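>>> Turn this into a structure:
(chains A and B)
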Amino acid sequence: MTARRDSLLSVQDLRVRFSTDEGVANAVDGVSFDVREGETLAVVGESGSGKSVSSLAVMGLVPRPPGEVVGGRVLFRGRDGEVRDLLRLSRRALRRIRGDEIAMVFQEPMSSLNPVYTLGDQIAETVRLHQGKDRRAALRVAADMLALLGIPDPEARLAAYPHQISGGMAQRVMIAMALACRPRLLIADEPSTALDVTIQAQVLDLIARMKREIGMAVLFITHHLGVVAEIADRVTVMYAGRVVEQAPTAALFAAPRMPYTQGLLRSVPRLSTEGAATQRLEAIPGDTPSPFHQPNGCSFHPRCAHALSGICDAAVPAMEACGDDHVVRCARWRMLAEAAA
Amino acid sequence: MSAALLQVEGLSKSFPIRRGMFARAGGVVRAVEDVSFTIGRGEILGLVGESGSGKTTVGRAVLRALPPGAGRIVFDGTDIAGLDEAGLRPFRRRMQLVFQDPFSALNPRLTIEQALTEPLLIHHLAPSRAARRERVAALLSMVGLPTAAMQRFPHAFSGGQRQRIGIARALACEPDFIVADEPVSALDVSIQAQVVNLLADLRARLGLTLLFIAHDLAVVEYIADRIAVMYLGHIVEVAESRALCRRPLHPYTAALLSAVPVPDPGAPRRRIVLEGEMPSPANPPSGCPFRTRCRHALPACAEARPALREVEPGRFTACIRDDIVHAGAIEVPA
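This is a model prediction of the structure:
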């Protein structure tokens, strides 16, 4: 099996299909990306882009039915140095990796916590399961973890139940649970989206700090470009089930090549800072396509100001290199870049 | 700006906490306390705050969508705070609400035409079937939807289209004043800009007055003329939008602004990290509501609640630290 030498996770041509009464949706349609050792890769996209389904597929958590992984590979380099295709592992083998080497944090921490167990027991469960520690030792690990996350009075928190804590605290507990076994990869799916902005800032700082301390890589799923700018080393932009652009964060914000990425960046309201003029928000016209009725060719062409009939609606453009470590899926990127220069 | 359309004075609203199986009253949550502000005719006032700040309660209270609390709500010269339902009727038509989630606000069994016709019937606004039909078509075109949308049901529309329908319904009875409660926070970024621009255009075209409630400061700065910042049931700062975002005077506003993720990887980060969380509104701290998390707090901050006072023309802040307020020194050490 092949993967870049510094790749921890290599998703290759992943395809996930959902079959429902409304029809068949190719929610993830040939998605490829790599997460390198120790980096934060942000996957950014709007609803229906397939970003969350991709991350669920990596963990073997696509609900079946109605979902089904119909193709691709998810190569993961384990602690033992061996590269395995997670899509072809037995449930048992996958369970051994999940929660231990790969951990996950979701958007709604409250619905991920079990209301009838204490926080301590829930954090300790992972440790007992994967590290074979007894309850007392596992609880000590849990307390250390909470302390490391800067949660005051960790011993008292261990005895608390989920309903006794706030949403921001619940998300920190989820992170503690995810990090208790010191994973090599953290998959965070919109972990700060439901939180208030000051709490969101705390959670983002926490993930960045833990990444440094544990030396893990982070696959961060979000729709928020501000969050991307703050935490990501590289960015993968998804639209309607496909990757449309991928680049180092600075390059993506400085010189986005895909008209969708450009439009997305222009439609984000920015706080005015001293000296900056306020510009009118430039919305992208139209709606994100329904997963059941994907347009032909480039899925963005019906909303794209630069689309040409006969080209953009004819075939799905190939991924092309357009810069250092920068790839784009647009038939016209070269022309548009020259016109803009 | 001409005379105020809405003037709120000393608005307070608390909710009883019920505990246990017999629902005994166990104290009160003071959701909003002694809040005062005005909105000029044709103005957009942004109301920002985190969850639990009381911003939604303020929005519902000024529409008289909640049992009355204390204080005066003067709408176009009449105090509506104490009016009964009959007295309120003429005002109901003139004040409307746009919800965060338009889907749950629309009846799934009614076509868009039926949903938009309802307010016209209730307020006797169009005499004939043909006139109502014409009005509905006009409303849809006003929010950028095709006439064909009339015959369809809410589920057939995307989130952005549903919010357009929600706005059309609020506009149906030609209100003067609209409370928009987080109208774009459930929408995708590329769609959010469409709806924000639509609201801004409608304000300009129809001379609407808006209370725009949101937690996203960047969106609010973009659309609002002035911004009021709420924390734990109190307004802590009011100012013209750009001034507030460029040079906040209250330490909480400064912290809130510094926490907003900036979509620019090269931007310098000067984050004021707020320790802990907002105290419970059932058990607020004495004195300044923000003092428990404020890096500038002094012992005196615990003694009395600082009043919202005008420290510069048009700029109000509720902070006793004149030294930092006037020095514009609410900055973080690098």
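
>>> List the contacts of the closest residue to residue B:61 other than its chain neighbours.
Leaving aside its chain neighbours, residue B:61 sits nearest to residue B:13 (5.2 Å; criterion: CB to CB, 6 or more residues apart in numbering or on different chains). Yep, even glycine has a C-beta here, placed from its N, CA and C like the rest. By CB atoms under 8 Å, 6 or more residues apart in numbering or on different chains, residue B:13 lies in contact with B:31, B:32, B:54, B:57, B:61, B:66, B:69, B:70.

>>> From those, list the buried ones, please.
B:31, B:32, B:54, B:57, B:61, B:66, B:69 (16 or more other CB atoms under 10 Å in any protein chain shown).

>>> okay but the fifth one is in contact with residue B:73, surely?
Yes. Taking CB atoms under 8 Å as the contact criterion, residue B:61 and residue B:73 are neighbours in contact, 7.2 Å apart.

>>> Please enumerate the shared neighbours of those two.
Joint contacts of residue B:61 and residue B:73 (CB under 8 Å, 6+ apart) are residue B:11.

>>> So the residue nearest to residue B:61 versus residue B:75, what's the distance?
Look at residue B:13 and residue B:75: by CB to CB, to the nearest Å, they are 17 Å apart.

>>> Run through the bridge partners of the closest residue in space to residue A:232 that isn't next to it in sequence.
Sequence neighbours aside, residue A:42 is the residue nearest to residue A:232 in space, at 3.6 Å (criterion: CB to CB, 6+ apart). When bridges are called by DSSP bridges, residue A:42 pairs up with residue A:220, residue A:235.

>>> Just say helix, strand or coil for the closest residue to chain B within the stretch 201-341 of chain A.
Using CB to the nearest CB, the point where the stretch 201-341 of chain A gets nearest to chain B is residue A:226, with a distance of 3.1 Å. Classification of residue A:226 by DSSP: H, G, I helix; E, B strand; the rest coil places it in helix.

>>> quick one: which of the contacts of residue B:13 sit in helices?
B:57, B:61 (DSSP state H).

>>> Format the contacts of residue B:13 as CSV; extra columns: distance to residue A:207 and pLDDT.
Shown next, in CSV, are those (distance: CB to CB, whole Å; pLDDT from 0 to 100):
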residue, distance to residue A:207, pLDDT
B:31, 32, 92
B:32, 34, 95
B:54, 30, 93
B:57, 33, 94
B:61, 38, 95
B:66, 39, 91
B:69, 41, 89
B:70, 44, 93
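
>>> measure residue B:301 to residue B:320 for me?
From residue B:301 to residue B:320 the distance is 6 Å (CB to CB).

>>> list the residues that contact both of the two?
Common neighbours of residue B:301 and residue B:320 (CB under 8 Å, 6+ apart) are residue B:288.

>>> Using the three-state scheme, assign residue A:245.
strand.

>>> what's near enough to touch it?
A:235-237, A:252, A:256-258, A:260-261, A:326-330.

>>> Next, give phi and psi for residue A:317.
Backbone torsions of residue A:317, given as degrees, to the nearest 10, read phi -60, psi 150.

>>> ok, for residue A:324, nearest residue in space, not its chain neighbours?
Nearest one to residue A:324, counting by CB to CB, 6+ apart, is residue A:251 at 7.2 Å.

>>> My read is that that neighbour contacts residue A:323, right?
Yes. In this structure, residue A:251 is within contact of residue A:323 by CB under 8 Å, at 6.1 Å.

>>> With neighbour numbers in mind, choose between these two.
residue A:251 (19 against 14; other CB atoms under 10 Å in any protein chain shown).

>>> Which helix or which strand is home to that one?
Following DSSP states H and E, the helix or strand that holds residue A:251 is helix A:249-254.

>>> Count the neighbours of the nearest residue in space to residue B:266 that is not next to it in sequence for me.
Among residues not flanking residue B:266 along the chain, residue A:250 sits closest, at 6.8 Å (CB to CB, 6+ apart). Neighbourhood size, residue A:250 [other CB under 10 Å]: 15.

>>> State the pLDDT value of residue A:250.
Confidence at residue A:250, expressed as pLDDT, is 96.

>>> among the helices and strands of chain A, which has the poorest mean pLDDT?
Ranked by mean pLDDT, DSSP states H and E, the weakest helix or strand in chain A is helix A:109-112, scoring a mean of 82.

>>> is that helix up against chain B anywhere?
No. Against chain B, helix A:109-112 shows no contacts by CB under 8 Å from any CB of the partner chain, the least distance being 13.1 Å.

>>> Of the contacts of residue B:13, which pair is most distant in space?
B:54 and B:70 (13.8 Å; CB to CB).

>>> State whether residue B:72 is indeed within a strand.
Yes. Assessed with three-state DSSP, residue B:72 lies in a strand.

>>> Could you check how many residues crowd around it?
Residue B:72 is flanked by 14 other residues according to other CB under 10 Å.

>>> partners of it in the sheet?
Beta-bridge pairing for residue B:72 (DSSP bridges): residue B:9.

>>> Can you name the residues of the stretch 201-334 of chain B that neighbour chain A?
B:215-219, B:221-222, B:242, B:245-247, B:255-267, B:269, B:271, B:273-274, B:276-277.

>>> Would you list the phi and psi of residue B:182?
Dihedral angles (degrees, to the nearest 10) for residue B:182: phi 50, psi 50.

>>> Equivalent analysis for residue B:301, please.
Main-chain dihedrals, residue B:301, degrees, to the nearest 10: phi -70, psi -20.

>>> ok, and the closest non-adjacent residue to it?
residue B:291 (4.1 Å).

>>> What is the neighbour count of the one you found?
For residue B:291, using other CB under 10 Å, the count is 23.

>>> Residue A:338 should be in a helix, yeah?
Yes. Membership of residue A:338 in a helix is supported by three-state DSSP.

>>> which residues does the closest residue to chain A within chain B contact?
Residue nearest to chain A within chain B: residue B:261 (3.1 Å; CB to the nearest CB). Neighbouring residues of residue B:261 by CB under 8 Å, 6+ apart: A:200, A:201, A:204, A:224, A:226, A:227, A:229, A:230.

>>> Any idea how many residues pack against the third one?
With neighbours defined by other CB under 10 Å, the count for residue A:204 comes to 21.

>>> got it, and the first one?
For residue A:200, the tally of surrounding residues (other CB under 10 Å) stands at 23.

>>> Backbone dihedrals for it, please?
The phi/psi pair for residue A:200 (degrees, to the nearest 10) is phi -60, psi -40.

>>> That one against residue A:206, yeah?
No. Judged on CB under 8 Å, residue A:200 makes no contact with residue A:206 at a distance of 10.5 Å.

>>> that older thread, by contact count, what packs against the helix holding residue A:251?
Where contact means 3 or more CB pairs under 8 Å, 6 or more residues apart in numbering or on different chains; DSSP states H and E, helix A:249-254 is packed against helix A:225-231, strand A:234-239.

>>> In TSV: those, plus mean neighbour count and mean pLDDT.
Shown next, in TSV, are the helices and strands packed on helix A:249-254 (neighbours: other CB atoms under 10 Å in any protein chain shown; pLDDT from 0 to 100):
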stretch	mean neighbour count	mean pLDDT
helix A:225-231	23	93
strand A:234-239	26	97
